[in-house]
Structures are given as C-alpha cells and as structure tokens.
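Student: Let's see this in three dimensions:
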Amino acid sequence: MLGDAVEASSNGVVVSDPNLPDTPIIYANPAFERITGYSANEVLGHNCRFLQGKDKDQPDLEGLRSAIREGREYRAVLKNYRKDGTPFWNELYVSPVYGEDGRLATFIGVQNDVTERLRAEQALLEGEELLRLATQAGGVGIIRFGARNGKVSCSGNCPQIFGFVPGVVDSTRDELLEKVHPEDRKFVLRAWDLALSEGAPYEIEHRLIREDGDVRWIIQRGQVYRDADGDVEQVFGTVQDITARKEAEEEEGRLLERERRAREEAERSRRRMGVMAAASHLLSSSLDYEETLERITNIFVPGIADWCLLHLAEDGVFDQRAGVHADPDRTPLIEDLGNRRPNGEVPGSVSEVFHTRRPALFTETTEPNLERLSYDTESLEIIRLLEPHSYMIVPLSAAGRVIGVLTLVSSDPNKTYDAEDISQAASLANRCALALENARLYREQSYVTRTLQRGLLPQSLPEIPGVEVGVEYLSVGEDTEVGGDFYDLIDTHYDGWLCILGDVSGKGARAAVVTALIMYTLRAIALQGDRPSAMFAALNEAMIRHDTGSQFCTAVCARLEPEESPGEKVKLTLARAGHPPPLLLREGSVEEVGEPGRAIGVFEDLGLDDYSTHLTPGDVLVLYTDGVIEARSPEGEFFGEERLRSLLCSCQDLAAPATASRIREAVLEHKGGTPSDDVAILVLRVTGEQ
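Tutor: As a prediction, this is how the structure comes out:
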C-alpha cells in the first residue's frame, strides 16, 4: 500500500499545509527522521526553514519561497543541519497537491541526501588537480616506439605506472600490448595502427594489468615523427595514471544512478500520494450512491488505468455497474461490453477474484487471458478493439465482505503493471468500497427516514364546514436530515376541529421519531376533547416522561367550532407553545393572536393560556413554522414577520390554498430558490358556506 511504501521509502517525505499559518509540517516519514535526526513529533507544526540553521541566504531559498507562494513544483539543493548540528546537503523536490475544487490542499516534499555525491564531485576535481601537479612534478611516463625496428622504449614514470623494474625498459609492441587489459587490446591496437598508417596524433584511455595483478587506468597521448623523406620514423608519447580520476567518476556514476532511482521512487511516491489525496477528496465529497460509482471510475482513469470496469454484487445479481475509457470516443465500447452479458454471467477472471477475495495481475494479454476477461465471442471482439496490454483485477472489500470487483486495464505497451501497481490499486479499491458501502447505507437510511416522515404527515385533510384549508409543506434537508416540521387537522367528531402545526428540534430519524410521538399523542388526546393548552400540557408530560433527551418542540394548536347556523361566526380557541405567533388577516389588516408560552419537552410548567375569539366570514388565520420568517436571501437578509404581514395584506380576497401557495413562492423567491430549513404553512379562511 502507498502508506507502507512512503513509510519504508529511503527518501525523506514531508507534507506541509499551505492553508495554515506559516505552512507547517503535518507529516514526516521515518526516512526524514533518519536523515535529519529529528523525530516527527519535534517537527510537526513547524516550517521546514529551521533545517537551514543560520544559513538563510542560500541561492535556492528565494526560488523555493516563490514556488510555494505560487503553488508550483520546484527543485532546490540546500545546506541543512541535522539535530546534532552536523551539516548535510539536501536535494529537495516540492510538489503541490490540488483538490477537486482547484484549491491548493498540501505540499509534498521529497528529500535526497546528496552529500556523498557532492563530495565525490569535489574529489574528482581534486583528483584532476593532483594529476596536473603530478604531471608537473614529473609523474609522466615516456614511450618511444621505433617504426623500423619495432622496439619500444619506456622511461620516466613508466616503471611505476606499468609495474616495471625502475629504469629504462626496452620491449616490443606486442610485449607492451600484453599488459593492456584484454577487453581493451583491440581498441588500443587499432589506435596505434591508425597513428602509424595516417601519421595522426592520438589520445586514448584504457586499462592495464600490472605484474602484481592491480588494474590501473591510464591515458596515452602520442605524436608521430617522420624522417627527412617523410616516412614514419618513430612515435613519441606520454602515459599518465588516471585511476584516481576514473574511480571518482565511477563512484559519481554510482551515486548518480542511486539518486536517479531515488528520484524515480520519490516521483512515484509523489504521484501516488497525489492520487490518494485526490481520491480521498472525491470519495468524501458525496454520499450519493450513483455519483459515488462514477467518481470511483474517475479515480482510476486516466491516472492509473486507460480504462476500467466496475462489477457489483447487488440484490443477488453480479453485474457491470460502471465503466469508463480515457478516450471518450471509446467509452461506448465499454458500455456495449456491459450490455452483452448473457444469462447474468461475468467474466471468469472477475468471478474468480470475487470468490477468492484475492487480486489478480496479468502482465500480458495472451489469448487465454483475454478469453477469461470476456463473456463470449462478441465481447471478446470488443475487448480486442480496446487494445489491452496489461491488466489487474482487485476486489472491493468493505465490512468484511466483497461487494464488487474492479478491472483496471493499461493499453500502453510501455506500461506493464507490476506488484507495486496492484498493491496501490488494492489499497484504493478498499477505500472505494468503504465509500460505496457508506453511500449505500446512506441511501437506505434516507429511504427509511423519508418514508417515516411521509407516514407521519396526513395524506388527506378533513373538510371543515364553512372553512377553507390551504397547506404547503417543503422538506429541504438532506435525505437523512429531514426536519421535524409537522401539521395535522383532526376531526374530533363531536365539538369541532383541531388544527395543529409545530416544529421538532433537530433533524433526521431521531427528529422523526419524536415527531411520531408528538402526533400520535396529540391525536389520542384530541379524542378527549381537551382545550389546546391542556393538550399541550399532557404532551409536555409525555415527552418529559419519555426522555426525548435534548429534543423539544414548539407548536400552535387552534380549535375551530363553527356555529350551528351557516354563515355565522366560528369560535377559535388557540394555544401557542414557544411557536411563532399565528397571524389573523381581517379586513385588510394583520394582527398576532395567542399568548406566548414555553417550548414543549423542556419545562414542567409551560405557562400556557388559551386565547379565544370568534372568526367571521372573510377572516384568514395563518399558522407557519420558523422556516418562513427565518429564510435568508443570498445577501443574508431574513424574510421576517414584517414582509409576511405585508404579503398577507395582498391576500384578503384569495382562497386559502392560493394564500398558502403565495407565501411558499415568496419564501422561495426571497431565498433564491433554495430554502435551508423546512417550511410548513397552514391557512384557514372562514367562508361561512356549508
């Protein structure tokens, strides 16, 4: 997994948060601790600049600061200090990670200790200087080769270089060639022959084997001399021992190769951390089930795969639920592949991974492998058109069970999946499975909560003789956060009708449960014919006894008792428990009715009194929840009671349903079409008609 790879990396890895003051370190891996001597706990919350000690004027620092300010990548070589004060040279690669919304989320810094490489470069320079000094001091061998007699004369520093007995050494060219390393002899002989035939100077580097078996590197420089007739007379040359320089170059090459591998590892780690960070953001930003399916495929394509398939086991059916190709023109082939599933079958390799729960890696797409990836002849032909090169299949495991399988395919001949790729894919697949399982549970909880809420609200309202009724209800919370607004109209069957409207604190299933307790309790109490204040008192006792915790409610209850003769007054008895005041529209003016009381479910004594009056034809009584008056405009302005009063004054001649609808539309328009709280409106208009 990526986390294990970063923890085990030989490169120091730190993550900084640019959204916090001074861009502090929020993560450091064990390699950082080994390189610097500081523990992660000692550096978390600090800016990386403490590593420079007093060397704050290094050339690369300003470039690094600019890159961080501008949110871009940067490479710097800095002199740092370990915790014990010893200096070291640090090659730092800084890369930004951006979220889905385009905002800079973190910086990932990968450190390489290049102290040894810089020392090797210095040693190389020093070796060259020593070579120059040695030449000046006479450490150069002299070789003379006679073209006519084939004799070779070696003098100067040759004995020390070749391992001869000190003094002038005479030998033949073949004897001298025997001392050249066998792998270099053809090359050296060709250079000598070319110099003799063309009379051109030469310069060659090669190895030789001394009599003691020691292998040395030398450089030969030669010049051809001719006689008066223009014939080659002799070749005069020098030899120098360059073993120290060659060893320094080889060491530098080894260090550079190690650094190259370290940089590649660091780059892979950076990319994987970037993919993991982007995946975490994508998977945590939505709980919608179908949207999560789409986001899963977008995580893997094109970052990890050229195309992918997602099979899920749902309701006893194992089916291809999603698929995408990096080339939009080829996505229809992916969709066509999902439609060609005979008799509910799935590819053999997909089924095997699902049942064994073990990922499978296919480094090459042989014909048998392709057949196990297809359903039939037609689907096999589609897969060939998609040009797979290498693919891997990983299970989606969550809560101890496999819920599906991901097939990830590379069509790039230069990209063959390996064990490291499948480890990363398996880790990501587990995150995806958890996100998908959470979305499924959210969907199920949403269904239960919505069903419970719909079951609590009346499906139809009884008719009240001589009174029109208008109702509007908006539930605007998330599916699992439906609010606790409720209303009811109860026919007591003997002395009138009860109109109830209220708001339970909180949201979700718990609010729905408390709403159910309230509505069923009120319906039971209503059959006893109690006054509104007495009904609320009984409800208060039930809620306290039931121990609803922090849940409480505000409510208003209006009892309507029409007079016996049609067209006469309607008696109104009303109680208000901590709820916004009902508004009475009468002859173009609006007034509040009822006395305020305490919320239900909190205090033993609600302090309620019944308010009584008579309504006459044309009077309009409006009950509403705080979602109406507390609706905010995009600029933050409340809808408010004054705006509601003004609106009602224009509704004197409207029917009750039209009045309720006008209030609803006015609230939506004020809010910009997206109210943030539930809204319940109950309008009662006295008509005086039977």
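Student: list the contacts for His546?
Tutor: By Cβ atoms under 8 Å, 6 or more residues apart in numbering, His546 lies in contact with Leu517. The C-beta positions use only the backbone N, C-alpha and C, and glycine is treated the same way.
Student: got a pLDDT number for it?
Tutor: Note on His546: pLDDT of 77.
Student: And it, how far from Ile299?
Tutor: According to Cβ to Cβ, to the nearest Å, His546 and Ile299 sit 46 Å apart.
Student: List of residues touching stretch 605-618?
Tutor: 466, 531-533, 536-537, 540, 560, 567, 569-577, 584, 586-587, 593-595, 597-598, 600, 621, 652, 684-688.
Student: And it, what's buried?
Tutor: For stretch 605-618, burial by neighbour count (16 or more other Cβ atoms under 10 Å) applies to Leu606, Leu608, Asp610, Tyr611, Leu615.
Student: I'd like the mean pLDDT over it, please.
Tutor: Per-residue scores along stretch 605-618 average to 91.
Student: And for stretch 360-370?
Tutor: Averaging pLDDT along stretch 360-370 yields 85.
Student: and the residue lying closest to Arg384 once chain neighbours are set aside, what does it touch?
Tutor: Leaving aside its sequence neighbours, Arg384 sits nearest to Leu370 (Cβ to Cβ, 6 or more residues apart in numbering; 7.0 Å). Applying Cβ under 8 Å, 6+ apart to Leu370 gives the contacts Leu380, Ile383, Arg384, Pro388.
Student: mind redoing it with 10 Å?
Tutor: Pro347, Ser349, Phe362, Leu380, Ile383, Arg384, Pro388, Tyr391 (Cβ atoms under 10 Å, 6 or more residues apart in numbering).
Student: By mean pLDDT, flag the weakest helix or strand of this structure.
Tutor: helix 115-136 (a mean of 60; mean pLDDT, DSSP states H and E).
Student: Dump stretch 47-67 to PDB, restricted to CA.
Tutor: Below are the C-alpha coordinates for stretch 47-67, written out as PDB (Å, rounded to 0.1, in the frame of the first residue of the first chain):
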ATOM      1  CA  ASN A  47       8.000  25.400   9.000                       C
ATOM      2  CA  CYS A  48      10.900  23.500   7.200                       C
ATOM      3  CA  ARG A  49      13.200  26.500   7.400                       C
ATOM      4  CA  PHE A  50      14.500  25.500  10.800                       C
ATOM      5  CA  LEU A  51      16.700  22.900   8.900                       C
ATOM      6  CA  GLN A  52      18.800  25.700   7.300                       C
ATOM      7  CA  GLY A  53      20.000  26.900  10.700                       C
ATOM      8  CA  LYS A  54      21.800  30.200  10.300                       C
ATOM      9  CA  ASP A  55      22.400  29.700   6.500                       C
ATOM     10  CA  LYS A  56      19.300  31.800   5.500                       C
ATOM     11  CA  ASP A  57      20.900  33.400   2.400                       C
ATOM     12  CA  GLN A  58      21.300  30.300   0.200                       C
ATOM     13  CA  PRO A  59      20.700  31.000  -3.500                       C
ATOM     14  CA  ASP A  60      17.900  28.400  -3.900                       C
ATOM     15  CA  LEU A  61      15.900  29.600  -0.900                       C
ATOM     16  CA  GLU A  62      14.300  32.500  -2.700                       C
ATOM     17  CA  GLY A  63      13.200  30.300  -5.600                       C
ATOM     18  CA  LEU A  64      11.700  27.800  -3.200                       C
ATOM     19  CA  ARG A  65       9.800  30.500  -1.400                       C
ATOM     20  CA  SER A  66       8.400  31.900  -4.700                       C
ATOM     21  CA  ALA A  67       7.400  28.400  -5.800                       C
END
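Student: Okay, buried residues for that stretch please.
Tutor: Cys48, Leu51, Gln52, Leu64, Ala67.
Student: Surely Thr554 is in contact with Ala599?
Tutor: Yes. Under the criterion of Cβ atoms under 10 Å, Thr554 makes contact with Ala599 at 5.1 Å.
Student: quick one: the closest residue to Thr36 other than its chain neighbours from Glu42, how far?
Tutor: Leaving aside its sequence neighbours, Thr36 sits nearest to Arg82 (Cβ to Cβ, 6+ apart; 5.5 Å). Distance of Arg82 to Glu42, given as Cβ to Cβ: 12 Å.
Student: Overlap in contacts, the two.
Tutor: In contact with both Arg82 and Glu42: Thr36, using Cβ under 10 Å, 6+ apart.
Student: sorry, back to before: please flag which of the contacts of stretch 605-618 sit within helices.
Tutor: Pro532, Ser533, Phe536, Ala537, Asn540 (DSSP state H).
Student: Let me have the residues you listed in a markdown table, adding distance to Trp497 as columns.
Tutor: Shown next, in a markdown table, are those (distance: Cβ to Cβ, whole Å):
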| residue | distance to Trp497 |
| --- | --- |
| Pro532 | 12 |
| Ser533 | 17 |
| Phe536 | 17 |
| Ala537 | 20 |
| Asn540 | 22 |
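Student: so which of the residues you listed would you say is closest to Ala8?
Tutor: Asn540 (62.7 Å; Cβ to Cβ).
Student: which ones are touching the nearest residue to that closest one once chain neighbours are set aside?
Tutor: Spatial nearest neighbour of Asn540, excluding adjacent residues (Cβ to Cβ, 6+ apart): Ile600 at 4.8 Å. Counting by Cβ under 10 Å, 6+ apart, Ile600 touches 502, 504, 518, 536-537, 539-544, 548, 552-555, 577-579, 606, 608.
Student: again, but for Glu468
Tutor: 620, 654-659, 683-687, 689 are the contacts of Glu468 under Cβ under 10 Å, 6+ apart.
Student: Export the residues you listed to CSV and append columns for distance to Asp412 and neighbour count.
Tutor: Shown next, in CSV, are the contacts of Glu468 (distance: Cβ to Cβ, whole Å; neighbours: other Cβ atoms under 10 Å):
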residue, distance to Asp412, neighbour count
Val620, 72, 23
Leu654, 68, 19
Ala655, 69, 16
Ala656, 68, 22
Pro657, 64, 15
Ala658, 65, 15
Thr659, 66, 26
Val683, 66, 29
Leu684, 71, 26
Arg685, 72, 26
Val686, 77, 26
Thr687, 76, 18
Glu689, 79, 11
